[in-house]
Structures are given as structure tokens and as C-alpha cells.
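>>> Structure for this input, please:
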Amino acid sequence: MTNPQSIILGRAIFGTTQGLTAQGDGVLAGVKSRVSIFEFESGRQHGGVLHHVPTEEPALFVRRITDEAGREVNLIGLVAPCRDHLDRKGFFGSCVAVPIDQTSPKALFSDWIVLVEPLWQLYEEALTLYDHASKRLRWKTLLHSSDKDRKYDWENLDGNSVILFNNIQTEGNQEIAFSEIMQRLQALTYMHGHTTTTIIVSTIELPGSKLLRGEVSDKALRAFSEARERVTSAPGPPESTANVQKATMEREIDQLWDEIDRLRYELNGLKADLGGGNHGYIRQKNFDQSLQNSPFANEQYKSPYPRWMKFALIGAAAFLGLILAIILIPIMRSEEPASNARTAPAALESNAGAKGDLPPEEDAKDTAPSR
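Numbers count the residues shown, from 1 in each chain. Now for the predicted structure:
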């Protein structure tokens with residue numbers, strides 16, 4: 001059985017006591033001063049949906065974070081409600097950091113199924129801080145320093161959030177359920193992790209939640225499987241210069257699509273802000289630009305951008321569209337048309353062997369024991 005520790009880069013426990021606090025190890029050793037990466041507004045707000053989550057059935061979440069050098073990792077963990085020292089609504093939980101799945105510059109894929117057991121073990125440690133009578137945390141150090149600790153200035157990657165309802169029915173077979181949940185969550189993160197940077201999965205149907213098993217995750221699973229098969233298949237003959245150039249152009253197209261998605265997201269926010277009065281707006285964000293009713297959570301937000309920036313973003317989007325068209329024309333005329341399947345953008349910049357970079361991950365193939 002593959003050791004799940006081979007893909008776990010660090011661990012963290014967090015919660016609201018006298019403010020949000022955290023402790024960690026590995027690449028999360030410095031999170032005490034970077035607690036914003038564990039913030040959940042839906043766990044603090046009066047009508048926040050996380051307050052409906054049972055402590056014994058915490059919500060599963062994944063979040064993409066980054067640092068100033070451009071390194072990116074996924075946080076995968078469990079979160080539940082609690083009260084802070086002033087008896088205000090809050091939250092606590094635990095998580096592990098794992099490298100992102102990518103096809104370039106170096107292909108790296110893991111199997112999140114093996115993370116199920118370590119996730120629950122870490123959450124059970126976090127539960128020792130939770131007082132069931134007062135619903136408050138009695139904070140103490142649980143994760144101690146080691147020679148593997150590395151401090152990074154992690155911060156949240158700008159993006160959207162979505163809450164999904166776990167509608168997977170497996171007739172009591174928890175192992176199968178956990179397997180499918182993790183597979184779908186990993187596929188969604190691979191496909192949409194740069195724009196949908198936080199995904200929360202709950203065992204109860206929370207207000208505004210969408211379905212985990214559905215058209216969007218079905219499509220993501222297919223794309224993820226295809227991408228993984230391409231990099232794990234037996235190597236063929238050396239690629240010609242034309243094929244290498246073609247692959248480079250495809251990667252550039254993917255990066256342009258990501259930038260267009262980001263600009264479209266900002267434009268939607270600006271449009272809503274200009275017409276939404278003084279109370280901000282509800283951001284409607286898309287998992288997939290081809291879906292009209294995209295599964296995104298509603299989030300109150302006040303735009304920080306001045307009115308003139310709307311027109312600047314429109315011009316930038318038009319310019320990127322022109323560049324994309326120029327790149328697409330030679331590919332469409334080539335003898336072998338490029339695949340329409342989107343691949344995830346490379347999150348870690350050619351970091352194998354670089355000083356201070358995150359360690360590479362290994363493929364994991366075994367399923368985790370059931371809860």
C-alpha cells in the first residue's frame with residue numbers, strides 16, 4: 001500500500017478562539033502568522049451555512065493557496081462550527097497540504113483516496129481541543145516542529161468558492177463513498193482550481209449548495225482521467241520539433257484561457273457593482289463557462305474597483321481574445337488538430353530540485369480504509 005505521507009507536504013490545525021489561530025508542520029509550519037488561509041466567512045457570519053454542519057460530520061474542503069514565489073499547493077481538510085471565547089460563531093478544523101496535479105512543466109499526479117484516513121486522524125486530534133459542553137476550543141499545541149518544517153508566506157489564491165452537497169448514495173458502503181467523493185473533488189480541483197479556489201462538500205444539504213455528483217463533476221472526471229492517462233502511458237518515440245512547438249502553443253492557450261476567465265470574473269463583479277446600489281452584490285461565478293446555471297455559492301462582496309477599470313478590463317479581454325485567435329489559427333490548419341480537452345494550468349513552476357521548493361509527489365494507487 002502506498003504511504004499517504006509521501007504526498008502530504010504538511011499538516012495544520014486551526015480554529016477561532018481569541019481570533020483565528022493555527023498551528024502546523026511541514027510546509028505549513030509558519031501558518032501561525034498566515035492564518036487568513038484558513039478563513040471561512042460562512043463560519044463566522046450570523047447566517048453562515050457552516051453553522052448547520054454537525055461536529056461529528058464535518059464538511060470536507062479543498063482550497064488552493066500560493067506564495068510570493070508562485071508555488072501553489074492544495075489544502076484538503078475537514079471543518080466544523082464552534083464558538084469563540086466571546087461566544088460568537090466560529091469554526092475549527094484541520095487539513096493537509098498536497099501538491100497540485102499538473103501535466104506541465106513536469107507531470108505530477110497523486111491519488112487523494114489514500115488521504116481519507118490521515119484526514120480523519122488529524123481531525124480527531126483537533127477534536128481534543130473542542131469542549132462539547134461550551135462548544136469552545138481549549139487551545140494547546142498538538143503539532144510539534146521537526147526537521148522537515150519549512151516556512152512559506154502562504155496566502156489565498158484569488159478566486160471563487162462553492163458549496164456542494166454530497167449526494168452520493170452507496171447503501172452503507174463508506175469505502176466506496178469516500179473513494180468517489182475524493183475522486184470527484186480531485187477532478188474538480190484539477191479542472192477549476194485556479195478559478196474556484198475553495199470547494200466545500202457537506203453531508204447535509206446546506207442553503208445554496210449544489211450537487212457533488214452531477215454534470216460538472218462528470219465532465220471534470222473525464223478530463224482528469226484523460227490527462228492522467230496521457231502522462232502515465234508508455235513513452236513513444238521522441239517528439240519532433242513541430243510536435244514540441246505544438247504542445248508549447250497548447251500550454252500558452254491554456255494560460256490565456258485562465259487569464260480570460262479571471263478577467264471575465266472581474267467584469268461580472270464590476271457590472272453587478274455598478275448596478276447593485278450601496279449594498280454590494282451577490283457574485284455569480286462559474287465552474288464551467290459552457291454551463292449557464294453554474295454551481296457557485298452566493299457571497300456578499302463590495303467591489304474595490306473604480307468605474308473606469310471596467311473599460312480597462314474590457315479592453316484587456318479583447319486584446320487577449322485577439323492573441324488567442326492568432327495562436328489558434330496555425331493550430332487549426334495543422335495536419336493533426338489539437339485536442340479540445342482543457343488541461344489544468346501548471347501550478348508549481350518547474351520546482352523539482354530547486355532550493356526551497358516543495359518536494360515532488362508520488363502516485364498512490366490504494367484505497368483508504370473506511371470510516
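
>>> low-scoring pLDDT stretches of the protein, where are they?
Across the chain, the stretches falling below the confidence threshold (pLDDT under 70) are 1-2, 170-173, 233-252, 254-311, 331-371.

>>> quick one, strands of it?
In the chain, the segments counted as strands under DSSP state E are 10-17, 19-26, 59-66, 72-83, 89-99, 130-131, 136-137, 155-156, 160-165, 196-202, 210-211, 281-282, 300-301.

>>> Dump the ones you listed into TSV; add distance to Arg34 and mean neighbour count as well.
Yep, even glycine has a C-beta here, placed from its N, CA and C like the rest. Rendered in TSV, the data for the strands of the chain read as follows (distance: least, Cβ to Cβ, whole Å; neighbours: other Cβ atoms under 10 Å):
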stretch	distance to Arg34	mean neighbour count
strand 10-17	10	25
strand 19-26	8	20
strand 59-66	9	24
strand 72-83	12	23
strand 89-99	12	26
strand 130-131	23	14
strand 136-137	19	23
strand 155-156	7	15
strand 160-165	19	22
strand 196-202	16	23
strand 210-211	30	17
strand 281-282	29	16
strand 300-301	22	13
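
>>> for those strands, which one sits closest to Asp149?
Proximity to Asp149 (Cβ to Cβ) singles out strand 19-26 among the strands of the chain, at 5.7 Å.

>>> May I have the strands that pair with that closest one, each with its orientation?
Its sheet considered, strand 19-26 pairs with strand 10-17 (antiparallel) by DSSP bridges.

>>> that older thread, let me have the strands of the chain in CSV, adding distance to Lys32 as columns.
Listed next are the strands of the chain as CSV, based on distance: least, Cβ to Cβ, whole Å:
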stretch, distance to Lys32
strand 10-17, 10
strand 19-26, 6
strand 59-66, 15
strand 72-83, 15
strand 89-99, 15
strand 130-131, 19
strand 136-137, 15
strand 155-156, 14
strand 160-165, 24
strand 196-202, 21
strand 210-211, 34
strand 281-282, 34
strand 300-301, 28
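
>>> which one of these lies closest to Ala317?
Smallest distance to Ala317 across the strands of the chain (Cβ to Cβ): 17.7 Å, for strand 160-165.

>>> Grab the nearest non-local neighbour of Gly93.
Nearest in space to Gly93, with sequence neighbours left out and distances taken as Cβ to Cβ, 6 or more residues apart in numbering, is Val79 at 3.4 Å.

>>> Test my guess that Leu122 contacts Phe14.
No. Taking Cβ atoms under 8 Å as the definition, Leu122 is not a contact partner of Phe14, at 11.2 Å.

>>> Overlap of the contact sets of those two?
Taking Cβ atoms under 8 Å, 6 or more residues apart in numbering as the contact criterion, the common neighbours of Leu122 and Phe14 are 94-95.

>>> Of all the strands of the chain, which one comes closest to Leu108?
Comparison of those against Leu108 by Cβ to Cβ identifies strand 89-99 as nearest, at 5.9 Å.

>>> Which neighbouring elements make contact with the closest one?
Other elements packing on strand 89-99 under the criterion 3 or more Cβ pairs under 8 Å, 6 or more residues apart in numbering; DSSP states H and E are strand 10-17, strand 59-66, strand 72-83, helix 116-127.

>>> Surely Ile327 is in contact with Leu320?
No. Ile327 lies out of contact with Leu320 (Cβ under 8 Å); the separation is 10.6 Å.

>>> Return the set of buried residues in stretch 52-60.
Taking 16 or more other Cβ atoms under 10 Å as the neighbour-count basis, stretch 52-60 is seen to contain the buried residues 53, 58-60.

>>> now the residues you listed in JSON lines, with distance to Arg136?
As requested, the buried residues of stretch 52-60 are arranged in JSON lines below (distance: Cβ to Cβ, whole Å):
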{"residue": "Val53", "distance to Arg136": "17"}
{"residue": "Pro58", "distance to Arg136": "17"}
{"residue": "Ala59", "distance to Arg136": "19"}
{"residue": "Leu60", "distance to Arg136": "23"}
